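Peer 1: Sequence below, structure please.
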Amino acid sequence: QIRGHHVAQLDPLGILDADLDSFVPSDLITTIDKLGLYGLHESDLDKVFRLPTITFIGGDETALSLREIIKRLENTYCQHIGLEFMFINDVEQCQWIRQKFETPGVMKFTNEEKRTLLARLVRSMRFEDFLARKWSSEKRFGLEGCEVMIPALKTIIDKSSEMGVEYLIMGMPHRGRLNVLANVIRKELEQIFCQFDPKLEAADEGTGDVKYHLGMYHERINRATNKNITLSLVANPSHLEAVNPVVQGKTKAEQFYRGDTEGKKVMSILLHGDAAFAGQGVVFETFHLSDLPSYTTNGTIHVVVNNQIGFTTDPRMARSSPHPTDVARVVNAPIFHVNADDPEAVMYVCNVAAEWRNTFNKDVVVDLVCYRRRGHNEMDEPMFTQPLMYKQIHKQVPVLKKYADKLIADGTVTLQEFEEEIAKYDKICEEAYSRSKDKKILHIKHWLDSPWPGFFNLDGEPKSMTCPSTGIPEDTLNHIGNGASSVPLEGFKIHGGLSRILKGRLEMTKNRVVDWALGEYMAFGSLLKEGIHVRLSGQDVERGTFSHRHHVLHDQEVDKRTCVPMNHLWDQQAPYTVCNSSLSEYGVLGFELGFAMASPNALVCWEAQFGDFHNTAQCIIDQFISSGQAKWVRHNGIVLLLPHGMEGMGPEHSSARPERFLQMSNDDSDAYPEFSADFEVSQLYECNWIVVNCSTPANYFHVLRRQILLPFRKPLIIFTPKSLLRHPEAKSSFDEMVSGTSFRRVIPEDGAAAHTPNEVKRVIFCTGKVYYDLIRERKNQDLEKQVAITRLEQISPFPFDLVKEELEKYPGADLVWCQEEHKNIGYYDYVKPRFRTIVNHTRPIWYVGREPAAAPATGNKNAHLVSLRRFLDTVFNLEAFEGKMF
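Peer 2: Here you go, the predicted structure:
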């Protein structure tokens, strides 16, 4: 039961041992001489022993001979199935698995089940054969060598449907993806075949993606159960395993919106390759979300296509663990290894896996030990690096022929029936191929994995190109302010320091002002009133890294008693979810992205501990958030909150690296736009994401609300403050938030300089926290009439229209861009060409800020203050640029 999997016959090629540890455990009775270890002899083999309660090999019998005991245990644990489950510290779960696999005769299939399995194998194999015949020189990452994966998935779906599951969300790498789309999701074959046509024109819906990355959403009747089933295969990039947390987040959201708290209606299936499952850290991050209250999906079925090679890398060079699946042991998930050339063993294991997930709501892994008949892709030559393996593969009889011969030999099917099944599917493929030639244009929206019914019009376009005012009535502001200042539960003892914070909020509400935390509270609370679910996730977000938020109150005298006042604002309101995450960025941001995919009617926010740490989730940002709509026509309104600002806290607590987000923005620096009444909204519609750095709580409030009130969804990147959270000047009046007010993309100078623009010698453009340093220094130098300071609140897409108004207002002034970041790290390289486009290259836009540097900030407090003093001196030196060439 513990070590049988080490000697199971798992490799269809018969080359490799069951795992990388070729040592045979000494306590396994693999030869008669090992009986001595237990004080037994060959003469004891026919002695009858009473069976303990920890085995089911006896069936109805309570005693067996030693010979029969060893034989039955070998048949269960050392043949084509290798089981790892004895590390699970739960007797009931271990007994359940033992009973499923040890009970005699348990793996019997009816003739009908065998014929269904054969037909599914036919479709799996003939689909690959058809593609190989028609497009022999095209990459398709075929499934040859693991064709059994298709019937395996269909078995999991059948069993899950039988148990009440209505919606299955799947993630998988490229190998076998087209086959899954065709034979599991049931995408029309002509839609797949036309993708191979080099003359197929792209529609104007984005840049698209290669065919083996595309996703799909389909509702159909499950034939085995005659029940409705919805299947979604999530689109993903070449970055293996990156889709795992995305699938889990989408699954969690679908469960949440259905009130499916136990995961009985919605579940996820994740497919993996052996090398990636062992090698990619996001696998571990995703496993560690599996049992966390705000992240659990109540069990995922993992299917590993273990073809015992990673591109050209031998398993012995690809992992240190015996099996590629050992990562799953950290969450006590049972692991079922199975020889993929034994289709009936595979089907049995998949049935048990589906039952396990439904019974215990825990993860389970099915490891399909198989081979890869061709190279990594169809153009690759594997004999360069794996000559012995591929000599054996060339001799290997395909699993379909092996299984068909077996069924023909035992009379389950006739040769004629088998050949008719092949001919029937070949005909289906040929007819679809003929129809595919009529397809002239590829519409990516036909491959959408997460449709939003009713949100867009029938053509997938926004229903309008306007955005209403994001302000709210003053009585709503007062109501939320009072709610944010109180404890809604009786007898709930809060911390004394928190009492002071709540009193401060009440005082601000009475004075009609908000600070940063209260502004956020107003945005979230008002959206909840409108029926919009709000979810805030990330490390320590419940209290807030900077101890400013306090959305979850803790009773100081009763352990684990908590209260979320935001959920007590109104009787009829949407729920608010605020959840501290595990210490993961890649996995958690992927999860939140998946959650935001499920519905447009939710504000889903992920906050980094500090903006600096977003780069460990760079894969999700680059492959999904920045480019997801262009590749897959998939809107997503996720919000990234990235604390940013040069506070002298060192190189890892200062910068969210704004230049990265701006470099990946797709708004053109040279194309001067035509301004129209709906310019703001149409510009947002064309961009790939929105990048803002708000300097006031009111603008932060508005941009969060605008995210939901827009008629489409775009990712929103917000560089959030640290010192401004408590800055006495970083407060906003209710007047900036009431009905009729909106987000201000640019906040122009409104002081003395604005009243006498012809006397202004310099206009400083800036963004974010540095504004407060600038106004303090301007006041100290008594330059409030000569220097105007204008804030860019929305940096991308660039507010050409409003910046143009400001430039025209001060025709005789120097133009300066001032930032606290180093020259190569902030916004200057992005804003400079756009300013130059507005003035038609007739006026320079001078840079003032810190010098270029390799690290985002200094670790020395004195050096930080010296560099701050230096650029403040420069920016208010009105002769600084005289005689200089731009």
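Peer 1: Gln99: what's it in contact with?
Peer 2: The contact partners of Gln99, by CB atoms under 8 Å, 6 or more residues apart in numbering, come to Phe56. Where you see a C-beta, it was placed from the backbone N, CA and C, and this is true even at glycine.
Peer 1: any idea how far Gly58 is from it?
Peer 2: Plainly put, Gln99 is 12 Å away from Gly58 if you go by CB to CB, to the nearest Å.
Peer 1: Run the chain-centre distance for stretch 235-250.
Peer 2: Relative to its parent chain, stretch 235-250 has a centroid offset of 5 Å by CA atoms, centre = their mean, to the nearest Å.
Peer 1: What residues of that stretch count as buried?
Peer 2: Across stretch 235-250, burial judged by 16 or more other CB atoms under 10 Å covers 235-237, 239-250.
Peer 1: In the stretch 101-250 of the chain, where is pLDDT below threshold?
Peer 2: The model of the stretch 101-250 of the chain has pLDDT under 70 over residues 203-205.
Peer 1: So which residues of it form strands?
Peer 2: 167-171, 201-202, 216-222, 227-233 (DSSP state E, counting those that start in this stretch).
Peer 1: what's around the spatially closest residue to Glu162 that is not a sequence neighbour, how many residues?
Peer 2: For Glu162, ignoring the flanking residues on the chain, the nearest one in space by CB to CB, 6 or more residues apart in numbering is Thr225 at 5.1 Å. By the criterion of other CB atoms under 10 Å, Thr225 has 17 neighbours.
Peer 1: got the residue ranges for the strands in the stretch 551-700 of the chain?
Peer 2: Using DSSP E, counting those that start in this stretch, strands in the stretch 551-700 of the chain cover 553-554, 562-563, 576-580, 602-607, 639-643, 690-692.
Peer 1: Any chance of CSV for these, columns distance to Asn377, mean pLDDT and mean neighbour count?
Peer 2: CSV is the format used below for the strands of the stretch 551-700 of the chain (distance: least, CB to CB, whole Å; pLDDT from 0 to 100; neighbours: other CB atoms under 10 Å):
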stretch, distance to Asn377, mean pLDDT, mean neighbour count
strand 553-554, 54, 97, 20
strand 562-563, 52, 97, 14
strand 576-580, 41, 98, 19
strand 602-607, 35, 98, 24
strand 639-643, 34, 98, 24
strand 690-692, 37, 98, 24
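Peer 1: Between those strands, which one is closest to Ile157.
Peer 2: Nearest of the strands of the stretch 551-700 of the chain to Ile157, taken as CB to CB: strand 602-607 at 27.6 Å.
Peer 1: lowest-pLDDT helix or strand in the chain?
Peer 2: Ranking every helix and strand in the chain by mean pLDDT, DSSP states H and E puts strand 441-442 at the bottom, with a mean of 70.
Peer 1: What are the phi and psi values at Gly538?
Peer 2: Here is the backbone geometry of Gly538 (degrees, to the nearest 10): phi 150, psi 180.
Peer 1: Excluding chain neighbours, what is closest to it?
Peer 2: Using CB to CB, 6+ apart, the nearest residue to Gly538 is Glu607, at 3.8 Å.
Peer 1: Would you mind giving the strands of the stretch 551-700 of the chain as CSV with distance to Ile229 added?
Peer 2: Formatted as CSV, the strands of the stretch 551-700 of the chain follow (distance: least, CB to CB, whole Å):
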stretch, distance to Ile229
strand 553-554, 43
strand 562-563, 38
strand 576-580, 28
strand 602-607, 25
strand 639-643, 33
strand 690-692, 37
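Peer 1: Of all those strands, which one is nearest Leu118?
Peer 2: When the strands of the stretch 551-700 of the chain are compared by CB to CB, strand 602-607 sits nearest Leu118, at 45.0 Å.
Peer 1: what residues does the closest one touch?
Peer 2: Applying CB under 8 Å, 6+ apart, the contact partners of strand 602-607 are 253, 524, 527, 532-539, 541, 588-589, 592, 595-596, 637-643, 704, 707-708, 720.
Peer 1: From those residues, which land in helices?
Peer 2: Using DSSP state H, the subset of these located in helices is 253, 524, 527, 588-589, 592, 595-596, 704, 707-708.
Peer 1: Could you dump those residues into a markdown table and include distance to Lys424, pLDDT and neighbour count?
Peer 2: Compiled in a markdown table, those are given as follows (distance: CB to CB, whole Å; pLDDT from 0 to 100; neighbours: other CB atoms under 10 Å):
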| residue | distance to Lys424 | pLDDT | neighbour count |
| --- | --- | --- | --- |
| Ala253 | 40 | 98 | 26 |
| Phe524 | 57 | 98 | 26 |
| Leu527 | 54 | 98 | 24 |
| Val588 | 47 | 98 | 28 |
| Leu589 | 46 | 98 | 29 |
| Glu592 | 45 | 98 | 30 |
| Phe595 | 42 | 98 | 28 |
| Ala596 | 43 | 98 | 28 |
| Leu704 | 56 | 98 | 26 |
| Gln707 | 51 | 98 | 25 |
| Ile708 | 51 | 98 | 19 |
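Peer 1: of the residues you listed, closest to Asp46?
Peer 2: Using CB to CB, the ones in helices among the contacts of strand 602-607 come closest to Asp46 at Val588, 59.3 Å.
Peer 1: thought the closest one was touching Gly594?
Peer 2: No: taking CB atoms under 8 Å as the definition, Val588 is not a contact partner of Gly594, at 10.6 Å.
Peer 1: residues shared between the contacts of these two?
Peer 2: Shared contacts of Val588 and Gly594 (CB under 8 Å, 6+ apart): Pro245.
Peer 1: Where does the prediction get shaky in the stretch 751-886 of the chain?
Peer 2: Along the stretch 751-886 of the chain, no part satisfies pLDDT under 70.
Peer 1: the helices in the stretch 151-300 of the chain, which residues?
Peer 2: For the stretch 151-300 of the chain, the helices defined by DSSP state H, counting those that start in this stretch cover 177-180, 189-193, 243-258, 274-279, 281-287.
Peer 1: Which stretches in the stretch 701-850 of the chain count as strands?
Peer 2: Secondary structure of the stretch 701-850 of the chain, counting by DSSP E, counting those that start in this stretch: strands at 716-720, 732-733, 746-747, 762-766, 787-792, 794-796, 814-822, 845-850.
Peer 1: List the pairing partners of the longest one within its sheet, with orientation.
Peer 2: So the one you mean is strand 814-822. Neighbouring strands of strand 814-822 in its sheet, by DSSP bridges, are strand 762-766 (parallel), strand 845-850 (parallel).
Peer 1: Identify whichever of the strands of the stretch 701-850 of the chain lies nearest to Phe675.
Peer 2: Phe675 lies closest, by CB to CB, to one member of the strands of the stretch 701-850 of the chain: strand 746-747, at 13.7 Å.
Peer 1: Not counting the closest one itself, show me its contacts.
Peer 2: Here strand 746-747 has contacts from 695-696, 699, 790-794, 799, 802-803, 806, using CB under 8 Å, 6+ apart.
Peer 1: rerun at 10 Å
Peer 2: Strand 746-747 is contacted by residues 694-696, 698-699, 765, 767, 771, 789-794, 799, 801-803, 805-806 when judged by CB atoms under 10 Å, 6 or more residues apart in numbering.
Peer 1: Verify the contact between Glu542 and Tyr576 for me.
Peer 2: No: look at Glu542 against Tyr576 with CB atoms under 10 Å: they stay out of range, at 11.4 Å.
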